[in-house]
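Engineer: Fold the following for me, if possible:
(4 chains)
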Protein chains: 2
Amino acid sequence: MIRSSTGTLEEVRRHNLATVLRLLHVHGPLSRAGLTARTGLNRSTVRALVTELAGLGLVAESSPVSSGTAGRPSIMVQPASDNVHVLAVDIGVEHLTAARVGLGGVILDRTAVERWRSSYDVDVTLRHIATMRATLEAGAPAHSRCVGIGVAVCGLVGSDTGVVRFAPNLGWVDVPLGALLADTTTLPVAVGNEGDLGARAEHLRGAGAGTANLVYLTGEVGLGAGIIVGGRPLAGADGYAGEVGHTRVNPGGRECRCGRRGCWETEVGEDAVLRATGLPAGTSMAEVMSAYAAGAPGVRAGLATIGAWLGAGVADLVNVFNPELVIFAGLTHQLFQLTEPTVRSSLDAALNAPRGRVRLTVAGLGTDSALLGAAELAFAPVLANPLAG
Amino acid sequence: MIRSSTGTLEEVRRHNLATVLRLLHVHGPLSRAGLTARTGLNRSTVRALVTELAGLGLVAESSPVSSGTAGRPSIMVQPASDNVHVLAVDIGVEHLTAARVGLGGVILDRTAVERWRSSYDVDVTLRHIATMRATLEAGAPAHSRCVGIGVAVCGLVGSDTGVVRFAPNLGWVDVPLGALLADTTTLPVAVGNEGDLGARAEHLRGAGAGTANLVYLTGEVGLGAGIIVGGRPLAGADGYAGEVGHTRVNPGGRECRCGRRGCWETEVGEDAVLRATGLPAGTSMAEVMSAYAAGAPGVRAGLATIGAWLGAGVADLVNVFNPELVIFAGLTHQLFQLTEPTVRSSLDAALNAPRGRVRLTVAGLGTDSALLGAAELAFAPVLANPLAG
DNA sequence: GTGCTTATGTTGCCGCTCACAACAATCCGG
DNA sequence: CCGGATTGTTGTGAGCGGCAACATAAGCAC
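Structural biologist: Residues are numbered from 1 along each chain as shown, chains lettered A, B, ... in the order given. The predicted structure is shown next:
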């Protein structure tokens, strides 16, 4: 008979181990004294916890470093990013990227697929991922161990199932991506939505570090979001929360690809930008930015319209979520750079009374938000229970 | 020197005490064996916890009741609603209500102010509350002790401060209601938004019991909401989250009292209903319902328009939050009853692909949601730390 | 350099909490 | 009246973190 044991005391231990490991993972190297101060635990307890984590190969202790102040120097503890890593994959419309990410959230190595946009076939995608995985693992030191695979996808993903329910831009419907990947490995596989994972990464170590309530906007051709509420990602009942692209901002607006009218992404998405600026179909956002900089006729005015709709949509989100921060990433990153004043005035005009405090900014992790979020997803089980691995 | 003690083990004890007490508060009377099963704790532990809670006067043990099955009958444990109560107050546009609510969430006694709508003066309100409080306490048994005061207000309330930032329908701006009430008593005072508190109560013991993700809609003349996400109330950075009344659903719509155009409450609020149905200003919602039932000309068609806007707004919320349940209360309760088919079809038309699952229903606690939510707010400190009181 | 101060690492002990097991109590069914 | 089943009761034990005493290692003043 196996030890059943709910064991509340065992949980205390696990909780404290997790707390210390997560602290190191998020904050980076920290002295034992620093850990003591931040956790509120006793020196002896911290010592025991760190020793145990070191024994598990999750952290490394290095020789004491003098802090410059009086007193005995404290031993430094750091996440063992060389020993423990995950594989992170980001499946977007315009890119297919993979990286080996070490504990602590450092990208150790990365690779991408060329001319990815030519085919979104599921089998082809799986082969691409397998190839990239092999490449990355080949470059890893022998003593490093992979503890999981995390995938970000630009589509609706079921909470725990790893099924991509609907990814219109890839043409995927009900693709059991998690299961398909799990068949190729013994490692745990986790799949999440690009917006949710981007928000997670920005919240943890990007522009939203230390911010408990934020809205993260992203997009390539469409529009997506991830929302952090009280320090936790907003998932909803099935994991579909944060689907802001098809909220209706303009009932009299244009027909959307989804068949309805005036969806937010129809007013501010890539197609809307090209239509408003009069630039030819196929123009990239980089070229739009160049045209704007060059003062091409109609571009400035067209983007002002886009900015106004962007601001109006953001206003509704701010009214509903009351976040401290809105982060613009992906397509909206570029749009925000081009139209910031318009967005701000459109937002200010639409906010309820006492809302002076919301800040607007762009992604702090650049285009890697979703990729790093996927890594966090893969690290999550280890961080929650360091003893399991 | 005072015992400092973070004491993780002390926290375990407190946590377990709180778990047991909350379980009894939410679920109602439960046998010791039932507590053992639900908490996963050991029999001896449950015994110790219950004994301690009984010593604090928070629960009462009654003689064993045979369950009909074999085995020794288990001792029943119930929340001591006769010994421990709070004062709950609900400040609405059309009502000012107060109640004495016992542990376990039972309304023991209640009272209300007549002709409240005549004046929303803050001092008058405070006097009303003082009078009601005296009445209710006078009717309380001598051995019962009041552990807090909770207030629900139809306006924006700052998270922890108890300041009513903005209550347009009462004409209140920056009223420090929490502090004003705290001056009259030594008890802890907590103030919250009507929508948030209504959602809390419905989530705990109303139509949303057992549902971790829900949207609660309410209103009197305007429109408000409370949102439960992952079992926790959505607060936002300052506590203003859930302000859905002034999200813009119709940019080409009518001018709102807030100065902008096409806010949701402008399209479905009380004024909009009267306008759409052609009924004279001052008509109550009860009279609207009678007119509908009597088949008054224009009323049915007018309400169909209202229902369509209601459904469209709900659709956006469902897309953003992916809740399992939407609860209609207050004004929207009546609107939903009158326009359910329209709301449903409007909603179905606007949902993203895989969203068959959201349920729509009306408040399970009738018009008492906010009042009971205020009581929960007042109980919260005791439930979080039973040892404190 | 020497001694003082400061801060941390190390170690053994203690109190607290919960799990567990053995026994007692109580009900049901035959 | 007896056996089976379930629960209450009680004493014991293991695990965990706090604590205090001591050891160690730096900075600082002279």
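Engineer: list the contacts for residue A:216?
Structural biologist: Residues in contact with residue A:216 (C-beta atoms under 8 Å, 6 or more residues apart in numbering or on different chains) are A:195, A:198-199, A:202-203, A:208, A:225-228, A:326-327, A:329, A:363, A:369. From N, CA and C alone the C-beta is placed, and that goes for glycine too.
Engineer: 7 Å - rerun?
Structural biologist: Counting by C-beta atoms under 7 Å, 6 or more residues apart in numbering or on different chains, residue A:216 touches A:195, A:198-199, A:202, A:225-226, A:327, A:329.
Engineer: which among the residues you listed gets closest to chain B?
Structural biologist: residue A:225 (8.2 Å; C-beta to the nearest C-beta).
Engineer: one step back: among the contacts of residue A:216, name the ones in helices.
Structural biologist: In this view, the contacts of residue A:216 that belong to helices under DSSP state H are A:195, A:198-199, A:202.
Engineer: Over to residue A:216. Which of the three states is it?
Structural biologist: With DSSP: H, G, I helix; E, B strand; the rest coil as the basis, residue A:216 sits in strand.
Engineer: what's the nearest residue to residue A:318 if we skip its chain neighbours?
Structural biologist: Nearest non-adjacent residue to residue A:318, counting by C-beta to C-beta, 6 or more residues apart in numbering or on different chains: residue A:358, 5.4 Å away.
Engineer: Adding pLDDT, neighbour count and distance to residue A:111 as columns, could you present the ones in helices among the contacts of residue A:216 in a markdown table?
Structural biologist: Listed next are the ones in helices among the contacts of residue A:216 as a markdown table, based on pLDDT from 0 to 100; neighbours: other C-beta atoms under 10 Å in any protein chain shown; distance: C-beta to C-beta, whole Å:
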| residue | pLDDT | neighbour count | distance to residue A:111 |
| --- | --- | --- | --- |
| A:195 | 97 | 29 | 23 |
| A:198 | 98 | 33 | 20 |
| A:199 | 98 | 31 | 25 |
| A:202 | 98 | 30 | 23 |
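Engineer: near DNA strand D, from these?
Structural biologist: With the criterion set as C-beta under 7 Å from any atom of the strand, no member of the ones in helices among the contacts of residue A:216 is near DNA strand D.
Engineer: what packs against the lowest-mean-pLDDT helix or strand in chain A?
Structural biologist: Sorting the helices and strands of chain A by mean pLDDT, DSSP states H and E puts strand A:59-65 at the bottom, at a mean of 89. Contact partners of strand A:59-65 among helices and strands, from 3 or more C-beta pairs under 7 Å, 6 or more residues apart in numbering or on different chains; DSSP states H and E: helix A:43-55, strand A:74-79.
Engineer: Next, the angle from the longest one to strand A:59-65.
Structural biologist: Spelled out, that is helix A:43-55. Using axes from the mean of the first three to the mean of the last three C-alpha atoms, to 10 degrees, the inter-axis angle of helix A:43-55 relative to strand A:59-65 is 120 degrees.
Engineer: Got phi/psi on the residue nearest to residue A:318?
Structural biologist: phi -70, psi 130 (degrees, to the nearest 10).
Engineer: Over to residue A:239?
Structural biologist: In this entry, residue A:239 is assigned phi and psi values of phi 90, psi 10 (degrees, to the nearest 10).
Engineer: Ok, the one 3 residues further on next?
Structural biologist: Here the main-chain torsion angles of residue A:242 (degrees, to the nearest 10) amount to phi 90, psi 10.
Engineer: Looking at the spatially closest residue to it that is not a sequence neighbour now. What's its pLDDT?
Structural biologist: In space, and not counting its chain neighbours, residue A:242 is closest to residue A:225: 4.5 Å by C-beta to C-beta, 6+ apart. Reported pLDDT at residue A:225 in the predicted model: 97.
Engineer: partner residues bridging residue A:225?
Structural biologist: Judged by DSSP bridges, the bridge partners of residue A:225 are residue A:217.
Engineer: And it, how close does it get to residue A:216?
Structural biologist: Distance of residue A:225 to residue A:216, computed by C-beta to C-beta, to the nearest Å: 6 Å.
Engineer: anything in contact with each of the two?
Structural biologist: Here residue A:225 and residue A:216 have residue A:195 as joint contacts, going by C-beta under 7 Å, 6+ apart.
Engineer: Next up, the contacts around residue A:372.
Structural biologist: By C-beta under 7 Å, 6+ apart, the contact set of residue A:372 is A:88, A:101, A:105, A:201, A:365.
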